[in-house]
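> Next one to model:
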Amino acid sequence: MNFGQLAIRSVFILVLLFVLSLAGAITFPVLAISTTTTGLGIVNILSLIITMIVLAVIGYLLGRGIRSIKKPLESLILTYVSSFILGGVLALFTYLNVPYAARINLTWLGASWYSPWLAVFLIGTTIMIVFLVGEP
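Below you'll find the model as predicted:
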């Protein structure tokens, strides 16, 4: 595992999550607190980066497993399952109330029964793309 590439992908995940926050899918509770004059803002941003590194490690391991599969149908199915897993990790951060982590807005796409599942899938898919595109 190359930690330099993992750090770059973690930063890219933060950028993707920021773009999703502009669409209303995710909120960053750390951004409101980081404008204080004390040193808490730096600690809060570092804790956000640590949670994104955990998400990046999970995505890296899933992406590496998908790339090792030779059959196209199995890799396609595993890609969609991995998208649910990555979105589920973010939803788990939301439900466990992990401090200063990105929080998914599960009612982003509406109030029907499938809207939270679809939101988790779409957010997980955008993150999974980072790990499937890039290295051969």
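> May I see the buried residues of the helix ranked longest in the chain?
Counting by DSSP state H, the longest helix found in the chain is helix 40-68. Neighbour counts over helix 40-68 (16 or more other C-beta atoms under 10 Å) mark 44-45, 48-49, 51-53, 55-56, 58-60, 62-63, 66 as buried. (Glycine included, C-beta is placed from N, CA and C.)
> closest to I127 among these?
Minimum distance to I127 across those is 6.0 Å, recorded for G59 (C-beta to C-beta).
> Could you pull out the strands in this protein for me?
In the chain, the segments counted as strands under DSSP state E are 26-27, 103-104.
> highest average neighbour count across the ones you listed?
Among the strands of the chain, judged by mean count of other C-beta atoms under 10 Å, the one packed with the most neighbours on average is strand 103-104 (a mean of 22).
> Need the contact partners of it.
The contact list for strand 103-104 (C-beta atoms under 8 Å, 6 or more residues apart in numbering) reads 25-29, 87, 90-91, 93-94, 119-120, 123.
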